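Undergrad: What shape does this take:
(chains A, B and C)
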Amino acid sequence: MSAIQPPTSTAQLMQRAEALAGHSLGELAEQFRAQLPDNLLLEKGWIGQFLEHLLGASAGSLPQPDFPELGVELKSIPVDARGKPLESTFVSVVNLQQPHLESWHTSVVRLKLSCVLWLPILTERHQPLTARRIGMPLLWRPNQAQWQILQSDWEEAMEKVCLGQFDKLNARFGEALQVRPKAANSRVLTTVTGRDGEPTQTLPRGFYLRSGFTQTILQSLAY
DNA sequence: AGTTGATCATAC
DNA sequence: GTATGATCAACT
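TA: Model (predicted):
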C-alpha cells in the first residue's frame, strides 16, 4: 500500500472520506493493492486500520486522536440497511493504575470524542468483506447534552476505579459510555489498588460507546 | 434480539 | 503488559 499524506485540513479530510462513500471494500482494496483478510474474525480491526491508511491517519497506537493536527478521531462503524449500528464503539482503555491523576477535562475519552469522523460500513450478517460498502461520512462534535452524559458516565466509572470497586466496573453502568473488558483474553490481568489500598489484580477495561447512543448521533446528523 | 463479557491481530 | 484497531459469542 502506498503512503498517503496526512490531510492538512478537516475539509480536505472530509473530501477524502466522501470520495470513499459508495465504494465497496473490495474495490478499494484492489485500487490500493491491499490484501483483504480471509477471516475478519482473525483481524477484527482490519477495516478500521485500512481506512486510516486511506485517509492518511498518523497517530498510530498513541493514546490520541487519529489526526492529531486536526484533533479528529476516525471511527468506522458497521451499520445495517437502516443505518443502525451493529456494534458498540471502542473509545480508549480505562486508566486503572493512576485514576486519581485523571480528570474529565484532560481525559483521553474527552480528547478523542471532541470531534469524531464516523465512517459507516454497510454490513449484513455473513456478508463477505469485499461486498461491504462505505456509507456517507459524518463529522460529529458532541452537543451540550451529550457532553453532560459522557462526563457523568466517565466520572461514575472513574470513581469506582478510585475506590477500588472493580467488581462494580462492569458493562451495566453508563448511559452512553460503558466499561467492558479490553484484553487479549480473560486471563490477562493488570495490577491495581484495591478497596483497602492493597495491590490486587483485575482484568483490563476499556470505555465503549453504547450502540444506542451512536445511533442517535448518526441519525441526528443524517439530515 | 439486545446486552455483557470474551477474544483476535499488531506495534512497541 | 499496554496501547491501537475492533467483532464475536454466550447469556439474559
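Undergrad: Is any residue of the longest helix belonging to chain A near DNA strand C?
TA: Secondary structure of chain A read by DSSP state H shows that its longest helix is helix A:144-162. No - Helix A:144-162 lies apart from DNA strand C when judged by C-beta under 7 Å from any atom of the strand; the minimum separation is 12.1 Å. C-beta here means a position set from N, CA and C on the backbone, and glycine is covered the same way.
Undergrad: Give the buried residues for that helix.
TA: Within helix A:144-162, the residues that count as buried by 16 or more other C-beta atoms under 10 Å are A:146, A:150-151, A:153-154, A:157-158, A:160-161.
Undergrad: same deal with stretch A:93-101?
TA: By 16+ other C-beta under 10 Å, the buried positions in stretch A:93-101 come out as A:94-96, A:99.
Undergrad: Narrow the residues you listed to those in strands?
TA: Nothing among those maps onto strands, per DSSP state E.
Undergrad: Which members of these additionally contact DNA strand C?
TA: Checking these against DNA strand C by C-beta under 7 Å from any atom of the strand, the ones in range are A:N95.
Undergrad: would you list the buried residues of stretch A:93-101 in JSON lines and tack on distance to A:R180 and pLDDT?
TA: JSON lines is the format used below for the buried residues of stretch A:93-101 (distance: C-beta to C-beta, whole Å; pLDDT from 0 to 100):
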{"residue": "A:V94", "distance to A:R180": "10", "pLDDT": "98"}
{"residue": "A:N95", "distance to A:R180": "15", "pLDDT": "97"}
{"residue": "A:L96", "distance to A:R180": "13", "pLDDT": "98"}
{"residue": "A:P99", "distance to A:R180": "17", "pLDDT": "96"}
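Undergrad: secondary structure element for A:F213?
TA: Using DSSP states H and E, A:F213 sits within helix A:211-221.
Undergrad: quick one: the helices in chain A?
TA: Using DSSP H, helices in chain A cover A:10-20, A:25-31, A:46-55, A:108-113, A:144-162, A:211-221.
Undergrad: Among these, which comes closest to DNA strand B?
TA: When those are compared by C-beta to the nearest atom of the strand, helix A:211-221 sits nearest DNA strand B, at 5.4 Å.
Undergrad: Now tell me what touches that closest one from outside.
TA: Here helix A:211-221 makes contact (C-beta atoms under 8 Å, 6 or more residues apart in numbering) with A:77, A:79, A:83-89, A:118, A:120, A:138-140, A:146, A:149, A:175-177.
Undergrad: how about 6 Å then?
TA: The set of residues external to helix A:211-221 that reach it, using C-beta atoms under 6 Å, 6 or more residues apart in numbering, is A:83-85, A:88-89, A:138, A:140, A:176.
Undergrad: just the buried residues of helix A:144-162 that are near DNA strand B?
TA: With the criterion set as C-beta under 7 Å from any atom of the strand, no member of the buried residues of helix A:144-162 is near DNA strand B.
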